[in-house]
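K.L.:
Next input, structure requested:
(2 chains)
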Amino acid sequence: MIRVVLPFHLRTLAKVDDEVTLDIQGEVTQRSVLDALEAKYPVLRGTIRDHDTAKRRAFIRFFACEEDLSHEPPDAPLPDEVVSGKEPFCVIGAIAGG
Amino acid sequence: MSGVRLLVGTVKGAFILESDGTRKKWKVNGPHFTGWEIYHLKGSPADPNRIYCSQTSGWFGQVLQRSNDGGKTWEAPGGGVTMTPQGMPQGESNRFVYDTSSETGKPLTTHQWYDGTQHPWEFKRVWHLEPSLTDPDTAYAGVEDAAIFRTVDGGHTWQELAGLRGHGTGPKWQPGAGGMCLHTIILDPADPNRIFVAISAAGAFRTDDGGKTWKPINQGLRSQYIPDPAAEVGHCVHRIAQHGSKPNVLFMQKHWDVMRSDDAGDHWHEVSGNLPTDFGFVIDVNTNDPETIYVVPIKSDSEHFPLDGRLKVFRSRSGGNEWEPLTKGLPQRNCFVNVLRDSMSVDKLDPCGVYFGTTSGEVYGSADSGNTWTAIVEHLPRVLSVEAQTLS
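P.N.:
A predicted model of the protein is given here:
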């Protein structure tokens, strides 16, 4: 079971209060996690990845196990701790302020 | 008893203000969609409880929301868990895909960029939503980069009317400082096949065949900030409003200049008259007296605030040229706000109610056609849009 932490605005949009859990068949990668997330919560389509290119939106980051995985290939395996459910896969809204 | 509902979009959420027909006491509901930019909300003329809302974010992109109960509850149409007959999840309400097919438009893929080079069309956000006059499930969306989309299934799916981008002048369109947005859509009540749109910075356009083909309608506009001041396209039109009983009469607030057309946009002439400055963003028309129009003059394109720090609405009772300042109830010192292009609206009561929102978060209303004003609400986030619904 994969745990995914969403930023506040996406939790609101998906109408969830806490982290979400996903069952994934096959290899656990950024792409398979996000595919499963969007399948379970279609309203999130286009909010994390571009609708057509499937590229990460500019101000979104992916963290896990205290590492920034944003620039990892989308089909690279995620850490074992994420696969086992020990650690969550975190979708982060990049810091911007002023 | 009749009433008025104001739909207010701000940079940090949506607010819904409601009053009875006296328009003296207002109830403020919200924020809805807290923290998101709400560029525009608008209710269906055919079903006032059906409201469309553009929810957008620099982080998360575009979301379309819809209410079927006057704004009490909302849903992202198509955003729920629904499945195709093949068992695949579907949810397409937020998807705006430019149509570049050779059949429905032309494979036009670039416009002019700030440096003069050609740049691909890239969807950024929905600026304006215009529900059909007759069908609650049909609505139009004006988007950045400039294009017009239509839904006929209540916002589940959106299709571009690609003839606008594809009619030939697209490569000459260019973004203004706020982006290249299609911000005005007017559905002609007298002719269901006629639609007017306006784009910054391209100009005004019209279709007479329901959106298949379009033509620029900018003859008479003069813009000193482009190489050919009388060019066919390239004008920064800020807003257009339509005469209530003569649909061929249009009023325009351009970057500079207040303009009027008496032939559905084929020709324009200036009606700035005695305005102290003819720069501004909003323009609207009195519902009961369609020769009475309103603007909020702004000092200049470099200084986006009222002259002398005094907030004044100007009213013309003669369709332009002769203007009078309306100040009673509006701040007359130290006021340095702006009123953005979608932030003025009128109701359909008698006397006509006039409303506008400011970049410092006030929404002002007048229940007597502009003679006197009150702040309906203050200290909201920066107001992006105001739409009035008249409820029976």
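K.L.:
which stretches of chain A aren't confidently modelled?
P.N.:
A:96-98 (pLDDT under 70).
K.L.:
just the helices in it please.
P.N.:
Taking DSSP state H as the criterion, chain A contains helices spanning A:8-14, A:30-40, A:80-84.
K.L.:
So which of those is nearest residue B:205?
P.N.:
helix A:8-14 (33.7 Å; C-beta to C-beta). Quick note: C-beta positions are derived from backbone N, CA and C, even for glycine.
K.L.:
Establish whether that closest one and chain B are in contact.
P.N.:
Yes. Against chain B, helix A:8-14 shows contacts by C-beta under 8 Å from any C-beta of the partner chain at A:8, A:9, A:10, A:12, A:13.
K.L.:
Show me which residues of chain A sit near chain B.
P.N.:
Residues of chain A lying near chain B (C-beta under 8 Å from any C-beta): A:7-10, A:12-13, A:38-43, A:45-48, A:50-52, A:57, A:59-60, A:93-94, A:96.
K.L.:
ok, of those residues, which come out buried?
P.N.:
A:7, A:9-10, A:13, A:38-43, A:45-48, A:51, A:57, A:60, A:93 (16 or more other C-beta atoms under 10 Å in any protein chain shown).
K.L.:
near chain A, anything from the helix or strand hosting residue B:66?
P.N.:
Assigned by DSSP states H and E, residue B:66 belongs to strand B:61-67. Yes. Contact of strand B:61-67 with chain A is found when judged by C-beta under 8 Å from any C-beta, involving B:61, B:62, B:63.
K.L.:
so where's the stretch 51-200 of chain B uncertain?
P.N.:
B:78-93, B:103-108.
K.L.:
ok, back up a step: what residues does the strand holding residue B:66 touch?
P.N.:
Strand B:61-67 has contacts (C-beta atoms under 8 Å, 6 or more residues apart in numbering or on different chains) with A:13, A:43, A:46-47, A:50, A:57, B:33, B:36, B:49-57, B:73-77, B:79, B:93-94, B:96, B:123-126, B:141, B:154-155, B:158.
K.L.:
Could you rerun that using 6 Å?
P.N.:
Residues from elsewhere that reach strand B:61-67, judged by C-beta atoms under 6 Å, 6 or more residues apart in numbering or on different chains: A:46-47, B:51-53, B:55-56, B:74-77, B:93-94, B:125-126, B:155.
K.L.:
and if you look at stretch B:229-240?
P.N.:
B:169, B:172, B:176, B:184, B:198, B:200-204, B:216, B:218, B:221-223, B:226, B:250, B:252-255, B:281-283, B:341.
K.L.:
show me where chain A has strands.
P.N.:
With DSSP state E as the definition, chain A shows strands at residue ranges A:2-5, A:20-22, A:60-64, A:67-68, A:89-93.
K.L.:
gap between the shortest one and the chain center?
P.N.:
Chain-centre distance of strand A:67-68: 13 Å, with C-alpha atoms, centre = their mean, to the nearest Å.
K.L.:
what's the answer for stretch B:201-216, then?
P.N.:
That offset, for stretch B:201-216, works out to 16 Å (C-alpha atoms, centre = their mean).
K.L.:
ok, now stretch B:143-162?
P.N.:
For stretch B:143-162, the distance to the chain centre is 15 Å (C-alpha atoms, centre = their mean).
K.L.:
What distance separates the opening and closing residues of it?
P.N.:
Stretch B:143-162 has an end-to-end distance of 12 Å (criterion: C-alpha to C-alpha, to the nearest Å).
K.L.:
what does that stretch rub up against?
P.N.:
Defining contact as C-beta under 6 Å, 6+ apart, one finds that stretch B:143-162 is touched by B:64, B:66, B:77-78, B:92-93, B:96, B:98-99, B:104-105, B:121-122, B:124-127, B:137-142, B:164-165, B:179-182, B:197, B:199, B:211.
K.L.:
Stretch A:66-74 too?
P.N.:
Contacts of stretch A:66-74 (C-beta under 6 Å, 6+ apart): A:30, A:31, A:61, A:62.
K.L.:
List only those of those flagged as buried.
P.N.:
A:30, A:61, A:62.
K.L.:
Looking at the residues you listed, which one is closest to residue B:316?
P.N.:
residue A:61 (52.5 Å).
K.L.:
Enumerate the beta-bridge partners assigned to that closest one.
P.N.:
residue A:92 (DSSP bridges).
K.L.:
Residue A:91 is in contact with that one, correct?
P.N.:
No. In this structure, residue A:61 is not within contact of residue A:91 by C-beta atoms under 6 Å, at 7.8 Å.
K.L.:
what's the angle from the strand holding residue B:66 to strand A:60-64?
P.N.:
Interaxial angle of strand B:61-67 relative to strand A:60-64 (axes from the mean of the first three to the mean of the last three C-alpha atoms, to 10 degrees): 100 degrees.
K.L.:
List the buried residues for strand B:61-67?
P.N.:
By neighbour count on 16+ other C-beta under 10 Å, the buried set for strand B:61-67 is B:61, B:62, B:63, B:64, B:65, B:66, B:67.
K.L.:
now do stretch A:66-82
P.N.:
A:69, A:74, A:78, A:79, A:82.
K.L.:
Let me know the closest of the residues you listed to residue B:311.
P.N.:
For these, the nearest to residue B:311 is residue A:69 (50.5 Å; C-beta to C-beta).
K.L.:
where's whichever residue of the stretch 151-300 of chain B sits closest to chain A relative to residue A:48, distance?
P.N.:
Taking C-beta to the nearest C-beta as the measure, the point where the stretch 151-300 of chain B comes nearest chain A is residue B:156, at 11.1 Å. To residue A:48, residue B:156 is 21 Å away according to C-beta to C-beta, to the nearest Å.
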